[in-house]
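[1] model the following, please.
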Amino acid sequence: MKILCYGDSNTWGFSPGSGSRFSEEVRWPGVLRRCLGAGCTVIEDGLNGRTLCRHAVEGDPLNGSEHVLTVLRAHKQLDLLILYLGINDLFVDPHLSVDLMAEELERTIEGVRDVDPSANLLVLSPLPVNVGREYHDDFHEQVEKSFDLASAYREITEREGCHFLDPSRVISASKRDGVHIEAEEHIKLGLHLCVVVRDLFPHVDSPSRGKRKKR
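    So this is what the prediction gives:
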């Protein structure tokens, strides 16, 4: 079984305290890898600053919906793509609406299926920004939008027949910078995702590929 974890700095393992990278044993894809065992290949592809659909600078390599198509071609055939993107878009483009982000998510899902029809998709919505009042005043609109992303993502995944997880039901962003997750939250998320994956693929320990449950 082959799983691709594709996301931004919260997949890469950015520490909100130091800006360094958490070790593989701490990062949630690494926790997921150990939990699922040797019968599963878990590929990490996290990148600091990666967006769902926006360019910080025209032509930069951080537009996730574009780059994921190349990554998928490199790793065909996947059993599961875990997609965890979106919070950076709010800060790259303050005028971006939640509805437009939802439309971009839908286009991304369709693009993934064109490249690798065998892959199941599990979409994680961005965590709400966890900030103090002073920071909130500076980025009020972005913070407020971050609380609306989960319902927008859920609606799209239901329409597209994908799997969905709202991570805020399991973890929260660090109060130290408002957007990144602490080491213990990485571990909690990885363990929770292990349960989710085993529910989606009951024969995960089998050497045969998991059968697709939803499209």
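[2] from now on I want contacts and neighbour counts done on CA atoms only, so please keep to that.
    OK.
[3] average pLDDT across stretch 47-54?
    Stretch 47-54 comes out with an average pLDDT of 93.
[4] nope, stretch 173-182 is what I meant
    Average pLDDT, stretch 173-182: 95.
[5] which of the residues in that stretch are buried?
    By neighbour count with 16 or more other CA atoms under 10 Å, stretch 173-182 contains the buried residues 173-174, 177-182.
[6] let's have these in CSV, adding secondary structure and distance to residue 110.
    Formatted as CSV, the buried residues of stretch 173-182 follow (DSSP: H, G, I helix; E, B strand; the rest coil; distance: CA to CA, whole Å):
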residue, secondary structure, distance to residue 110
173, coil, 29
174, coil, 32
177, coil, 33
178, coil, 31
179, coil, 28
180, coil, 28
181, coil, 29
182, coil, 32
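[7] can you redo those as JSON lines with distance to residue 21?
    Shown next, in JSON lines, are these (distance: CA to CA, whole Å):
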{"residue": "173", "distance to residue 21": "16"}
{"residue": "174", "distance to residue 21": "15"}
{"residue": "177", "distance to residue 21": "15"}
{"residue": "178", "distance to residue 21": "17"}
{"residue": "179", "distance to residue 21": "15"}
{"residue": "180", "distance to residue 21": "11"}
{"residue": "181", "distance to residue 21": "11"}
{"residue": "182", "distance to residue 21": "11"}
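[8] contacting residues for the residue minimising distance to the centre of the chain?
    In the chain, the residue lying closest to the centroid (CA atoms, centre = their mean) is residue 84, at 0.9 Å. Neighbouring residues of residue 84 by CA atoms under 8 Å, 6 or more residues apart in numbering: 5-8, 11, 123-126.
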